[in-house]
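[1] need a 3D model of the following:
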Amino acid sequence: TMGLKDELEKARRRKAKKKKKKVIDGKEVISETVIRVRSMTVSGQTERFKEFIFADGTSKRVPLGVAQKPKYVLEQESGIYSLKRLRFSETKKMWIDTKLGGETGTTNPPTTNSMSGDEPYEELRMVTYNVWFSPRNQAARAKALISITLSKKPHIICFQEVTPVFLSILKADPRIQKEFTLSDTTGTTLRGSKLQYGVLMCVHTGLLIRSWALHVVPSNMSRRPLLARIRILSSKRDQFETDRKKETVAFCDISVATCHFESMNASSVRAQQLAYVFKELDGKNQPIDPDCLKTGNGKVHSEGQQQSDMLFENRFLLGDFNFDADREEGSSEEQSIPKHYVDAWRELRSESSKKESVTVEDIKARLDQIRYHSTSYKAVSIERIGEKPIQGVMKFRDSELQKLQPAPTLTSQTEKQEYLRTNDKKKNVILDLVSGHAGNASTENSADYELPSDHYGLSMTFRRRGSIVDSRLSAST
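    Residues are numbered from 1 along each chain as shown. Predicted structure coming up:
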């Protein structure tokens, strides 16, 4: 009985103590909170205070020191802008950030590619394509280009010169909505005062995006590379020997970057941009979001980042390099590329002629390239895509169509194309205006028809090596 009374008395005292009013400087405190305030003395600094509100309406702040800057501020100050992982929600019928969870959350993604049923862990396919920012037949070209790209069943797609028009068509494609996570869906990453365009990455939902970010590099054209850290989960487990012990993992990590390097006569700027991108690819500076490493139960994968960095060296750069890889071997651009990175086209298609190798016909140059260094994957095939004209889509601009006398009143794209097909003489005038030189163009001539882009794309397939050790031995030989 005495023990019970003692317990009750202790409980009463605790309750009374809890109800005891807090008094500071003789004033009753009714609330207290920690706040952050911009420093009045040091620019860019934020200070923390504990603020007390008293019963008489007055307040008091007690300094707690300098506040730590938020992660996003630190990243932006270092020139890194982390991007959302955007996936299409079937229930909400909109693109959402997968960090917000829901049925499209980043946790526990599938390990197979539903487009083909294979494992990207065993065979990895990538496409790079400069989509051309020109408004000429843009909608028709975009739809054809997207269809060609998806026919290669890629796991990773890198686009350059993406405009708001192209982006709107891409994100409305049902195949893209079903299969891919996008780095942008609203155009916030597209830059330019007069003409907005930029780079975009699409990653298959079977791959886990650990992080991706735009990086600020020296540029007079608002060019920014996009770097992604990606984890490929597998239903299998591989065993590797390290310096410490045998490690067994069921995943493979890769780093992928895409960039539209500086255009025109800007060799020194391109060299700086290339040097930065390869340094980032070879380094471990890009932030990794710990939330995306959690399983469906909220547990973090046992294989940590340090172990991953020790086991895997898989780095890929795809994009429009804006220098001819076949003509400028001793250029400052080439000298900025580390020797251990392989030119995929030169590795697999060294016997191809110049005509078969160029990616931009107008200047006969191989500007679009894939450079890689991988201990887990070996290159098995590479091909140009988008070589055939789009049937039924002729080369013309609306402004040039209006130069004909009398100017036709045509509203829809279909009417304009039909007008060209049925008025051969007038069509020749338009083709002359587009090409800049005269000639008797024929309606059957494929040169009269539009290509998906002024660049050819590249489709690349990598296959998993037998082991990390074997790949390192073969790479050294």
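[2] what's the span of stretch 164-183, first residue to last?
    14 Å (C-alpha to C-alpha, to the nearest Å).
[3] tell me where the stretch 251-400 of the chain has helices.
    In the stretch 251-400 of the chain, the segments counted as helices under DSSP state H, counting those that start in this stretch are 267-282, 305-311, 332-335, 344-348, 354-357, 398-401.
[4] share the number of residues neighbouring Ile370, please.
    26 (other C-beta atoms under 10 Å). C-beta coordinates here come from the backbone N, C-alpha and C atoms, glycine included.
[5] which residue lies nearest the spatial centre of the protein?
    Centroid-nearest residue in the chain: Met201, 3.2 Å away (criterion: C-alpha atoms, centre = their mean).
[6] who does the helix or strand that contains that residue pair up with?
    Element membership for Met201, per DSSP states H and E: strand 198-204. Strand partners for strand 198-204, identified by DSSP bridges, are recorded as strand 156-162 (antiparallel), strand 180-182 (antiparallel).
[7] let me know which of those strands is tucked in deepest.
    strand 156-162 (a mean of 26; mean count of other C-beta atoms under 10 Å).
[8] phi, psi of Ser78?
    Backbone geometry at Ser78, expressed as degrees, to the nearest 10, gives phi -90, psi 0.
[9] now do the same contact list for Tyr34.
    Not Tyr; residue 34 is Val. Val34 makes contact with Arg48, Phe49, Lys50, Glu51, Leu64, according to C-beta atoms under 8 Å, 6 or more residues apart in numbering.
[10] closest one of these to Gly187?
    Arg48 (36.6 Å; C-beta to C-beta).
[11] from Met40, how far off is the closest one?
    14 Å (C-beta to C-beta, to the nearest Å).
[12] which one's more surrounded, these two?
    With neighbours defined as other C-beta under 10 Å, Arg48 and Met40 compare such that Arg48 has more, 16 against 8.
[13] partner strands of the strand or helix carrying that one, parallel or antiparallel?
    Using DSSP H and E, Arg48 sits in strand 46-54. Strand 46-54 has its sheet partners listed here by DSSP bridges as strand 27-38 (antiparallel), strand 59-66 (antiparallel).
[14] just the CA coordinates for that strand, please, in PDB.
    Only the C-alpha atoms of strand 46-54 are listed here, as PDB (Å, rounded to 0.1, in the frame of the first residue of the first chain):
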ATOM      1  CA  THR A  46      21.800  33.300 -41.400                       C
ATOM      2  CA  GLU A  47      21.600  33.300 -37.500                       C
ATOM      3  CA  ARG A  48      19.600  31.200 -35.100                       C
ATOM      4  CA  PHE A  49      17.700  32.500 -32.200                       C
ATOM      5  CA  LYS A  50      15.400  31.200 -29.500                       C
ATOM      6  CA  GLU A  51      12.400  33.500 -29.300                       C
ATOM      7  CA  PHE A  52      10.300  33.800 -26.200                       C
ATOM      8  CA  ILE A  53       6.800  35.400 -26.300                       C
ATOM      9  CA  PHE A  54       5.600  36.800 -23.000                       C
END
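[15] which non-adjacent residue is nearest the residue nearest to the centre of the chain?
    Ser183 (4.6 Å; C-beta to C-beta, 6 or more residues apart in numbering).
[16] what sits against that neighbour?
    Leu83, Lys84, Leu86, Thr189, Leu200, Met201, Cys202, Trp212, Leu226, Ala228.
[17] let's have those in TSV, adding pLDDT.
    TSV is the format used below for the contacts of Ser183 (pLDDT from 0 to 100):
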residue	pLDDT
Leu83	94
Lys84	94
Leu86	96
Thr189	94
Leu200	98
Met201	98
Cys202	98
Trp212	95
Leu226	97
Ala228	96
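[18] tell me the pLDDT at the residue nearest to Met201?
    On pLDDT, Ser183 comes in at 97.
[19] and if you look at Gly79?
    So Gly79 comes in at 87 (pLDDT).
[20] likewise Ser116?
    45.
[21] so where's this structure uncertain?
    Applying pLDDT under 70 to the chain flags residues 1-2, 16-20, 100-119, 193, 235-249, 284-312, 328, 396-447, 467-477.
[22] what about the lengthiest helix in it, distance to the chain center?
    Across the chain, the longest stretch assigned as helix under DSSP state H is helix 2-19. A distance of 61 Å separates the centroid of the chain from that of helix 2-19, by C-alpha atoms, centre = their mean, to the nearest Å.
[23] distance from the next helix or strand after it to the middle of the chain?
    Counting by DSSP H and E, the element after helix 2-19 in chain order, helix or strand, is strand 23-24. Chain-centre distance of strand 23-24: 55 Å, with C-alpha atoms, centre = their mean.
[24] what's near enough to touch the nearest residue to Glu383 once chain neighbours are set aside?
    Leaving aside its chain neighbours, Glu383 sits nearest to Ser459 (5.3 Å; criterion: C-beta to C-beta, 6+ apart). Ser459 sits next to Arg125, Met126, Val127, Lys152, Pro154, Ile382, Glu383, Arg384, Ile385 when contact means C-beta under 8 Å, 6+ apart.
[25] OK, contacts around the closest residue to the last one other than its chain neighbours?
    Spatial nearest neighbour of Ile385, excluding adjacent residues (C-beta to C-beta, 6+ apart): Gly457 at 4.4 Å. Applying C-beta under 8 Å, 6+ apart, one finds that Gly457 lies in contact with Val127, Thr128, Tyr129, Asn130, Leu145, Ile148, Thr149, Asp368, Arg384, Ile385, Gly386.
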